[in-house]
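1. need a structure here:
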Amino acid sequence: MVKMSKLIDCKRGILFSLGLMLLSSVILLLAVLIFHNAQKAEEIIGKLIVLDRVYDLDNSIQKSVSDIFMIKSGISINITNNSVFFEEILPNDNLELLNSSMFGFKNFVENNISNINLTITNVEELPLIVIPQRITYAHKDNWSNVEVVPESMNFNGYSLIIDTDKNVSCVWDVNSGSLNFSLEVRGDVINCDFTSEMIDPSVENEIRIDSIEEGNIMIIKTFDNGKLSINLTRDISIAARTGLLISQPQIDVLASSIVLGLDFKEFGIYEEKKVKII
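-> So this is what the prediction gives:
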């Protein structure tokens with residue numbers, strides 16, 4: 001009996017030792033898992049901090065570029081229900097000031113944040129893109145004239161208001177079609193009353209605006225599947241309000257020639273995007 005009792009006690013001791021070893025192994029494994037999870041959590045938190053910083057930088061830089069554009073370009077952009085309007089004085093004399101301000105901001109950003117770059121091109125035309133329709137509003141001839149280029153006929157028409165200090169008359173030479181086109185020219189005393197026509201965007205349509213004192217001062221054309229041009233033919237100044245009629249409640253305007261680059265490759269972040277103006 002004594003030998004049997006000792007044998008049982010010995011087995012119990014072995015089992016207890018094995019149990020302690022197993023428990024120690026489990027505790028060690030849990031410690032390793034907790035350590036690795038803590039490392040992963042630290043990496044995730046680090047990435048989230050970087051993502052948050054990139055998001056803030058992105059928004060801040062785009063907001064700054066938008067503010068510079070709105071203040072320095074002399075162009076007012078207004079988005080209403082299903083429409084976007086560009087308003088400015090032509091010729092627009094703000095090109096040099098806008099150019100200087102934009103490149104000054106570019107240098108400031110790139111000198112202080114190595115992961116950010118601003119690419120600025122084509123400041124002579126400064127094309128703006130209406131999204132999602134991809135309609136480009138750009139300048140020609142040292143910002144004297146305007147050209148609007150739709151990528152496709154995915155909008156309803158144009159609405160133009162011209163202000164001038166001349167006494168004016170308007171001659172319409174247009175073809176009937178499906179594109180809504182309205183124009184009002186407000187002169188000194190004699191005006192061209194509001195007129196709206198449905199025109200054919202696939203052929204050339206022309207509206208001549210003449211000064212009673214000086215002859216022709218401006219030609220407005222639509223051509224080549226809906227393109228629009230506003231061309232001054234004399235050395236005068238006008239206020240032009242160019243409206244695009246769009247069947248889309250959500251409209252953005254991007255600066256096609258201003259590209260923001262975000263380069264945080266060590267965190268898997270690299271992006272280039274056109275800057276949103278409004």
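2. tell me which helix or strand comes right after the helix or strand hosting Gly177.
-> When elements are assigned from DSSP states H and E, Gly177 belongs to strand 176-186. Where DSSP H and E defines the elements, the next helix or strand beyond strand 176-186 is strand 192-199.
3. Asp67: which element?
-> Using DSSP H and E, the element containing Asp67 is helix 2-72.
4. from the chain's centroid, how far away is whichever helix or strand comes after that helix?
-> The helix or strand immediately downstream of helix 2-72 is strand 76-80, counting by DSSP H and E. Computed by CA atoms, centre = their mean, to the nearest Å, the chain-centroid distance of strand 76-80 equals 14 Å.
5. what's strand 76-80 packed up against?
-> If contacts are counted by 3 or more CB pairs under 8 Å, 6 or more residues apart in numbering; DSSP states H and E, strand 76-80 sits against strand 83-90. Where C-beta positions appear, they are placed from N, C-alpha and C, glycine not excepted.
6. what pairs with the strand it packs on, and is each one parallel or antiparallel?
-> Its sheet considered, strand 83-90 pairs with strand 76-80 (antiparallel), strand 238-245 (antiparallel) by DSSP bridges.
7. of these, which is nearest Phe181?
-> Phe181 lies closest, by CB to CB, to one member of these: strand 238-245, at 9.6 Å.
8. put the alpha carbons of the helix or strand following the closest one into CSV.
-> Remark: after strand 238-245, the chain's next helix or strand is strand 252-264, criterion DSSP H and E. Extracted as CSV, the C-alpha positions of strand 252-264 are listed here (Å, rounded to 0.1, in the frame of the first residue of the first chain):
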residue,chain,number,x,y,z
ASP,A,252,-17.4,70.8,-58.7
VAL,A,253,-14.9,73.1,-60.5
LEU,A,254,-11.3,72.0,-60.7
ALA,A,255,-8.2,74.0,-61.8
SER,A,256,-6.9,71.7,-64.5
SER,A,257,-3.5,73.3,-64.6
ILE,A,258,-2.8,73.2,-60.8
VAL,A,259,-1.9,69.6,-59.6
LEU,A,260,-1.3,68.7,-56.0
GLY,A,261,1.1,65.9,-55.4
LEU,A,262,1.1,64.0,-52.1
ASP,A,263,4.1,61.7,-51.7
PHE,A,264,4.2,59.5,-48.5
